[in-house]
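Sequence below, structure please.
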Amino acid sequence: MTDIHPSAVISPKARLSDGVKIGPYSIIGDMVSIGRNSVIDAHVVIEGHTEIGERNTIYPFAVIGTPPQDITYSGEKTRVVIGNDNVIREYATIHRASTKEGWKTVVGNNNYLMAYTHIAHDCIIGNHVVMSNLASLSGHVLVGDHATLGGFAGVHQFVRIGAYAFVGSKSGIDRDVPPFMITAEPRARLFGINRKGLARAGFSKQKIDILKKAYRIIWRENKSFSKGIEQVKRELPPSIELDMLLNFFNNSKRGILK
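Residues are numbered from 1 along each chain as shown. Below is the predicted model:
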């Protein structure tokens, strides 16, 4: 029930579910599993302990599951885990994890990874994330659901990109981007709420206005995040979105963008 081109090199140990298609000259390694109805186009390389879910489409010359670019890595059996319904375009690279955290690099569901994007070791990508051409994540980066990264954006190790955030093209991200925010400029800084993105995602005007007020209080009216957070808690009605924003300030390893 699979459709494998005769020129493809498939390990007899690889696990291919029903409906999988493998194109010309692709290479599938020993410890790879691919879920139902996924399409692997020509010249794709998938190796290592890599689990790919259902209905994914992987375009030519993508490389998934190769060792991390970490000089301390010594061939341990770390993993890549990819969910369902993802589109991974030409020349994208996804590296398996190091041994420094959870031993796996994770890509969720319904993500769109455009050409030449890079996801390094130990990254965790949520759902419905868009990475535009040549956007790159260094190791240990966390990207929340519905986030968008513009072309040529570069993200430093251990940075977090919050849910529904928008990272402008050609931006260098060296600190955490809170949820619902928009960033721009080569040395990225915040420019307010991602209003258009939130409206497209179905957020009501009331919710967007509350997030705008929270942004103003935290980043414009106070000299410290802690005072701004306390003022938001006093003055704005509680909501799931405010909880997401305020909780994001906990456990930052790189600090929060100004």
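
isn't I94 right next to G65, touching?
Yes: using Cβ atoms under 8 Å, I94 is in contact with G65, at 7.1 Å. To be clear about C-beta, it is placed using only N, CA and C from the backbone, and glycine gets the same treatment.

between these two, what contacts are shared?
Common neighbours of I94 and G65, counting by Cβ atoms under 8 Å, 6 or more residues apart in numbering, are V80.

can you give me the helices for the stretch 101-250 of the chain?
Along the stretch 101-250 of the chain, counting by DSSP state H, counting those that start in this stretch, helices occupy 195-200, 205-215, 225-235, 240-247.

I'd like to know which of the ones you listed lies nearest to V155.
helix 195-200 (17.9 Å; Cβ to Cβ).

Report the backbone C-alpha coordinates of that closest one in PDB.
Extracted as PDB, the C-alpha positions of helix 195-200 are listed here (Å, rounded to 0.1, in the frame of the first residue of the first chain):
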ATOM      1  CA  ARG A 195      -3.300  43.300  15.700                       C
ATOM      2  CA  LYS A 196      -3.700  42.100  12.100                       C
ATOM      3  CA  GLY A 197      -2.600  38.600  12.900                       C
ATOM      4  CA  LEU A 198      -4.900  38.400  15.900                       C
ATOM      5  CA  ALA A 199      -7.800  39.700  13.900                       C
ATOM      6  CA  ARG A 200      -7.200  37.100  11.200                       C
END
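
which helices and strands does that helix pack with?
Applying 3 or more Cβ pairs under 8 Å, 6 or more residues apart in numbering; DSSP states H and E, one finds that helix 195-200 contacts helix 205-215.

is it possible to export the helices of the stretch 101-250 of the chain to JSON lines including mean pLDDT?
What follows is the helices of the stretch 101-250 of the chain, written out as JSON lines (pLDDT from 0 to 100):
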{"stretch": "helix 195-200", "mean pLDDT": "96"}
{"stretch": "helix 205-215", "mean pLDDT": "97"}
{"stretch": "helix 225-235", "mean pLDDT": "96"}
{"stretch": "helix 240-247", "mean pLDDT": "97"}
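
With mean neighbour count and distance to S171 as extra columns, can I get the ones you listed in TSV?
Shown next, in TSV, are the helices of the stretch 101-250 of the chain (neighbours: other Cβ atoms under 10 Å; distance: least, Cβ to Cβ, whole Å):
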stretch	mean neighbour count	distance to S171
helix 195-200	15	15
helix 205-215	17	18
helix 225-235	15	21
helix 240-247	16	20
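
Now tabulate the ones you listed in CSV and tack on distance to I125.
CSV is the format used below for these (distance: least, Cβ to Cβ, whole Å):
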stretch, distance to I125
helix 195-200, 17
helix 205-215, 23
helix 225-235, 26
helix 240-247, 17
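
Between those helices, which one is closest to V81.
Nearest to V81 among those is helix 240-247; the distance by Cβ to Cβ comes to 24.1 Å.

Can you list the low-confidence ranges for the protein?
Counting by pLDDT under 70, the chain contains no low-confidence segment.

any idea how it splits into domains?
Using automatic domain parsing, the domain ranges for the chain come out as 3-140, 199-247.

how about those, which one is nearest I173?
domain 3-140 (9.4 Å).

residue contacts, N247?
Taking Cβ under 8 Å, 6+ apart, one finds nothing in contact with N247.
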